[in-house]
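K.L.:
Fold the following and give me the result.
(chains A and B)
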Number of protein chains: 2
Amino acid sequence: MESYKKLEALFTKVSRLNHFISLGDWDMNTYMPPKGEESRGEALATLSEIRFGYMTAPEVKEWLDAAKQGKAELSAVQQANLREMERAWRSDNSLPVEFVGRKMRLTTRAHSVWRDSRAANDFAKFLPVLKELVELAREEGGYLAAGTSLSPLEALMNQYEPGITTKKVDEVFDNVKSWLPQLLQDILKKQASESVTAYSEKFPLDKQEALCKEFLRVWNFDMEAGRLDISPHPFTGMTKEDCRLTTNYIEETYVQSLYGVIHEGGHGKYEQNCGPRDMITQPVCEARSLGVHESQSLFAEFQIGHAASFVEYLAKRLPEFFEPQPAFSPENLKKALQRVQPGYIRVDADEVCYPLHVILRYEIERDLMEGKMEAEDVPRVWNEKMQQYLGLSTEGKDNVGCLQDVHWSMGSLGYFPTYALGAMYAAQIMASIRKELGDEKVDECLRTGNLGPLLEKQKEKIWDHGCLYETDDLITRATGEKLNPEYLRKHLEARYLGA
Amino acid sequence: MESYKKLEALFTKVSRLNHFISLGDWDMNTYMPPKGEESRGEALATLSEIRFGYMTAPEVKEWLDAAKQGKAELSAVQQANLREMERAWRSDNSLPVEFVGRKMRLTTRAHSVWRDSRAANDFAKFLPVLKELVELAREEGGYLAAGTSLSPLEALMNQYEPGITTKKVDEVFDNVKSWLPQLLQDILKKQASESVTAYSEKFPLDKQEALCKEFLRVWNFDMEAGRLDISPHPFTGMTKEDCRLTTNYIEETYVQSLYGVIHEGGHGKYEQNCGPRDMITQPVCEARSLGVHESQSLFAEFQIGHAASFVEYLAKRLPEFFEPQPAFSPENLKKALQRVQPGYIRVDADEVCYPLHVILRYEIERDLMEGKMEAEDVPRVWNEKMQQYLGLSTEGKDNVGCLQDVHWSMGSLGYFPTYALGAMYAAQIMASIRKELGDEKVDECLRTGNLGPLLEKQKEKIWDHGCLYETDDLITRATGEKLNPEYLRKHLEARYLGA
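P.N.:
Got it, this is the predicted structure:
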């Protein structure tokens, strides 16, 4: 118990450092003036080094070993906490210090080369760095996999989605690939005859902000324990007690800011309610995984936000913020918000096309990690898969093809699957909530904007548990079964092909 | 040299921690939602402890001793840096850890008791805590003075104004007391016959903000290396590369926000330009003292901002921001901005009354520290001195008397003198600039808002040097002599009794 208590004290200290690292990141993306960048970077690096020093001190391994020996004395929550402590420890201790420094230098350089290559639509310029990044990912995967039963790719994915296996990802993605491209074609065919009235007015930014804040209130986001600010790329950050969301506003449409805020608000609700609260500084109180985190944002954005009955509610509320216009009719709003349109850019994709963007990236990453393809093959394979899955060619358009995402330049291979896993978890969770509450009740919640009963279910199924259970266990407890992509299929079929 | 280099690395690391402590403070006062308070407090405490651990590690003393041994190898800047390193080290190492914790607990409690007592105008409620605070200050002064030639009061004052002595403070304050109360009466007599036209319109907050930002531009404050935000109590904070100012706005007048921003902007200009910049993470690049810091804010606010010729410039600019009104005439504006009026509250005082507020506090602190009076005597002595210096009685009005300031509840005895020292340094620096540039040139700068030549002189005399010299030396180099209160006298006589 003594060793366990020492570990708790260590992780509390680490959480205080994380507090400032998050604050530094938030500020950098919201209010920091340009000349503050260099010293902020140095200060963040110093804090990361201090944290790394704490996590890699020799006594931590001794405490972990001793705590595991005395596991029987620990409560169930403490045992789960110990498991997550060891996971965090392993992640910090499996990489040689030399490698960490090398990765930081490479990714700093890669980020700027990537930005320039994308701007110039010049893959050749990025290629040498991408080769290094792939080598680095293989090396990193090797370090992370050492002494485990994981493959290097699995080890990378496990950083973001603990417990995930290549077998499982292949299985669910193959399943999705077996029906989604055809479903997409069916939806396009159905929607081809629909006409959507475009917005005829601009949307003043201050009114958009008021709308976004009102919808955070609809979600019962606690504004005394969080904020909404502006940043170039929307994100959710900081701490559970002080959860900061960002969005940005353009005059042409309120949809980008509103649905951005609903998405980030979904992350924010999870953060504000995550885990056993008396363990708030401990790993067991963290979000379960990035996939589960994304499931909560996508639950808000798509399961709730784009549902026909919720769009009815939105149609009622919009005239409180903007001058009425024909495009605001419930029928038109539903058509506009449920419009499906294959495009090049992942972050702009609708929920039907989105998983295909992810599967494409996963397959490329997998083949790169397994040596079945090399960096120079990426544009060709990207183009082939885009044609196959979404019917679009990216030949000569690498800027909107394989150069579009920031992830590889950050050295984050294995991250993309979490986005699609999130969509599947969200559909599966909603299906189980519908089963428990009944469709009628759920639709009434959506139509009236009285989301309380749905939020209560999310809390009971996901938020309360933090990292108490492994993901498979969490999802099984929440929905009665492990991850099953059929729920996403049924959801998409019902929404886009249903009566 | 090796030990010196180790010290530089240590202080760089400490400066990175200070970066986050400052960011945490800034955010707490500007954007942090209420429920973020507890975890912010914990995170700040953790970072302070880490910093304290670095500063009190046994090897630091060894490095300091070795570096002093090898002082001959160091450049002049490095030698000055070493002196300031030792000063910082001494400050962190002279207090027992147990005392630091005890002080933090007492001041946390004292702050809330003080707030309540002030709100209730109930000194009796504050008295028991004030007794403890006085005991604590005596104890702290004793620790800080140990092994030096300083008295406990001097040791406390030296935390804020390194090098200051009671003898010097007594000497200059006695000097000021010998003429300022009479000067005040003469000014009041002169102004009694003047009538000032009051503002007849409200001042929209967004226009006030634009005005404040424009005047920061007049001062050439670098907005790419700083910001202006809103906080309940205006302050200047963060780093030299990213200097954050705050103010607040009320509709009734632009004077509070504008002159607040000019004052904070004066601090900000010092920060943005302070010290040898290649030593930016080192103590030698810090501001010389709080008195010198205040001299730069008061230089901006009073030496420049309230000068008749600068008020002419302001009169020309105001109609760009607000609807014209009779009160904006240059003559009326000068009368309004140079109006002298004794009042109870220090922070609202004009530049004539202000030093008397400070002297009163200093004399009480001195007598408390020296055991010549006790906490229970404070209201009586306060009242006597207020009558003597400013002709106002605070009997039964402790809320606007001895309960008005936050400092004692924070355990910060010895801080007040820096405010008055700042006013004197500012007058002395302006006198020397006038001598060098000529009155005509200076008045032209003020009348046209072209402050470049004055800022250049401030840079050359004060900003460039950071902590390179001790204060006496800095002021002598800047003005040709040590601190001399006669310059404040001449300044006030010329401005308020001159033709």
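K.L.:
nearest residue to the residue in the stretch 101-250 of chain A that chain B sits nearest to other than its sequence neighbours?
P.N.:
Here the residue of the stretch 101-250 of chain A nearest chain B is A:D242; by CB to the nearest CB that distance is 3.1 Å. Heads up, the C-betas are built off the backbone N, CA and C, glycines and all. In space, A:D242 comes closest to B:G36 once its chain neighbours are excluded; the distance is 3.1 Å by CB to CB, 6 or more residues apart in numbering or on different chains.
K.L.:
what's the answer for A:L144, then?
P.N.:
Using CB to CB, 6+ apart, the closest residue to A:L144 is A:A155 (3.6 Å).
K.L.:
and if you look at A:D186?
P.N.:
A:L497 is the one closest to A:D186 (CB to CB, 6+ apart), at 6.2 Å.
K.L.:
So the one you found sits against A:K190, correct?
P.N.:
Yes: counting by CB atoms under 8 Å, A:L497 touches A:K190, with 6.4 Å between them.
K.L.:
Tell me which helix or strand comes right after the helix or strand hosting A:D473.
P.N.:
Assigning secondary structure by DSSP states H and E places A:D473 in helix A:471-479. The C-terminal neighbour of helix A:471-479 among helices and strands, as given by DSSP H and E, is helix A:486-497.
K.L.:
Figure out how far that following helix is from the centre of its chain.
P.N.:
21 Å (CA atoms, centre = their mean, to the nearest Å).
K.L.:
Would you mind pulling up the elements that it packs against?
P.N.:
Helices and strands touching helix A:486-497, as assessed by 3 or more CB pairs under 8 Å, 6 or more residues apart in numbering or on different chains; DSSP states H and E, comprise helix A:166-191, helix A:417-437.
K.L.:
Could you rerun that using 6 Å?
P.N.:
Applying 3 or more CB pairs under 6 Å, 6 or more residues apart in numbering or on different chains; DSSP states H and E, one finds that helix A:486-497 contacts helix A:417-437.
K.L.:
Any chance you could list what contacts the helix it packs on?
P.N.:
A:160-161, A:169, A:290-291, A:294-295, A:298-299, A:303, A:355, A:358, A:362, A:442, A:457, A:479, A:485, A:487-488, A:491 (CB atoms under 6 Å, 6 or more residues apart in numbering or on different chains).
K.L.:
right, and the helix or strand after it?
P.N.:
That would be, after helix A:417-437 and using DSSP H and E, helix A:439-448.
K.L.:
Now for A:V261: which residues touch it?
P.N.:
Taking CB under 6 Å, 6+ apart, one finds A:212, A:247 in contact with A:V261.
K.L.:
scratch that, A:V218
P.N.:
A:G449.
K.L.:
Check the one 3 residues further on too.
P.N.:
With CB under 6 Å, 6+ apart as the criterion, the residues that contact A:F221 are A:265, A:268.
K.L.:
okay, now the residue of the stretch 301-450 of chain A found nearest chain B: neighbour count?
P.N.:
Nearest residue of the stretch 301-450 of chain A to chain B (CB to the nearest CB) works out as A:F321 at 21.1 Å. A:F321 has 18 neighbouring residues, counting by other CB atoms under 10 Å in any protein chain shown.
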